[in-house]
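Q: everything below, folded, please.
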Amino acid sequence: MQTAALRYELADQHTYRFLQGVVPWSLVPGLESLSDQSAEHYAYYNVGAGAASSIAIALDQLEAYIALEGPFDGVLGFSQGAGLAIMLLVRRYHGDPVAPPPFKCAILFSPVSVYDPVAYEKRGQVRLLDGTLDGKYSITIPTAIIYGKEDSRKQECEGLLSSCDPTKRSVLIHEGNHEIPGIGLRSELAGTVNMVRRAIYQAELQSSTE
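A: Numbering: from 1, shown residues only. Below is the predicted model:
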């Protein structure tokens with residue numbers, strides 16, 4: 001529902017697949033107006049205790065879905081969903097740096113709870129991703145990272161910027177909180193749409209020259 005206004009502005013030339021998490025979860029504070037508090041809610045993976053194995057399962061499930069239903073031109077994610085997309089891109093790149101990425105562009109809203117999959121798989125370490133790995137940019141596709149100035153977790157979003165190739169990275173900091181600009185933040189919608197279109201255009205341009 002949070003992406004409805006954005007998808008409307010982007011018009012009908014795009015199609016979407018929506019993936020739901022499977023880990024039972026409490027409704028995130030601040031989203032009460034978007035969902036029935038008595039309904040069941042889900043996350044993609046656990047955080048804290050048991051995070052490493054839960055993330056590994058979520059990444060494997062996402063890989064399997066892409067192999068079965070893909071290929072996909074881009075990925076659009078919010079919060080933990082954006083985090084999962086980042087971890088997949090990082091794991092793919094460090095598994096085989098010359099292989100094509102799973103997506104041509106990434107649209108990432110308020111990415112949080114982004115762990116370093118390479119540190120876990122290689123050294124058994126569980127830590128947040130917050131920069132380059134081995135001095136290399138892990139995200140090499142056109143990427144838009146969009147988050148709110150009032151987001152209590154904006155430091156996590158900022159820490160991920162250095163994981164992206166700066167020549168292909170666009171950043172928009174809107175006036176809101178942990179949310180996607182839309183009906184409740186309409187003043188920021190036009191800028192968000194332009195940022196998304198820019199990433200898509202960069203991906204199309206890159207594909208045409210390869």
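Q: which helix or strand lies directly C-terminal to the helix or strand bottoming out on mean pLDDT in the chain?
A: Among the helices and strands of the chain, strand 23-25 carries the lowest confidence by mean pLDDT, DSSP states H and E, at a mean of 78. Going down the chain from strand 23-25, the next helix or strand is strand 41-43, by DSSP states H and E.
Q: alpha carbons of the helix or strand just after that following strand, as CSV, please.
A: Using DSSP H and E, the helix or strand that follows strand 41-43 in sequence is helix 51-69. Provided in CSV are the C-alpha atoms of helix 51-69 (Å, rounded to 0.1, in the frame of the first residue of the first chain):
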residue,chain,number,x,y,z
ALA,A,51,19.8,-13.4,12.7
ALA,A,52,22.6,-15.1,10.7
SER,A,53,20.8,-18.3,9.9
SER,A,54,17.5,-16.5,9.3
ILE,A,55,19.2,-14.1,6.8
ALA,A,56,20.9,-17.0,5.0
ILE,A,57,17.6,-18.7,4.6
ALA,A,58,15.9,-15.5,3.3
LEU,A,59,18.7,-14.9,0.8
ASP,A,60,18.5,-18.5,-0.4
GLN,A,61,14.7,-18.2,-0.8
LEU,A,62,15.1,-15.0,-2.8
GLU,A,63,17.7,-16.5,-5.0
ALA,A,64,15.4,-19.5,-5.7
TYR,A,65,12.5,-17.1,-6.5
ILE,A,66,14.6,-15.1,-9.0
ALA,A,67,15.8,-18.3,-10.6
LEU,A,68,12.2,-19.6,-11.0
GLU,A,69,10.4,-16.4,-11.8
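Q: ok, and what's touching helix 51-69?
A: By Cβ atoms under 8 Å, 6 or more residues apart in numbering, the list of residues contacting helix 51-69 from outside reads 17, 19, 21, 23, 44-46, 72, 84, 87-88, 91, 102, 115, 117, 120-121, 126. C-beta: built from backbone N, CA, C; applies to glycine.
Q: I'd like to know which of the residues you listed are buried.
A: Listed as buried from the contacts of helix 51-69 are 21, 23, 44-46, 84, 87-88, 91, 102, 115, 117, 120, 126; burial here means 16 or more other Cβ atoms under 10 Å.
Q: now do the SS call for the most centrally placed residue in the chain.
A: Centroid check for the chain by Cα atoms, centre = their mean gives A82 as the closest residue, at 1.9 Å. At A82, secondary structure determined by DSSP: H, G, I helix; E, B strand; the rest coil is helix.
Q: same thing with the one 4 residues further on?
A: Following three-state DSSP, I86 is assigned to helix.
Q: neighbours of it, how many?
A: Residues within reach of I86, counting by other Cβ atoms under 10 Å, total 26.
Q: and the pLDDT for the closest residue in space to F78 that isn't next to it in sequence?
A: Among residues not flanking F78 along the chain, F109 sits closest, at 4.3 Å (Cβ to Cβ, 6 or more residues apart in numbering). F109 is assigned a predicted lDDT (pLDDT) of 97.
Q: quick one, what contacts F109?
A: L76, G77, F78, S79, A82, I146, Y147, I180 are the contacts of F109 under Cβ under 8 Å, 6+ apart.
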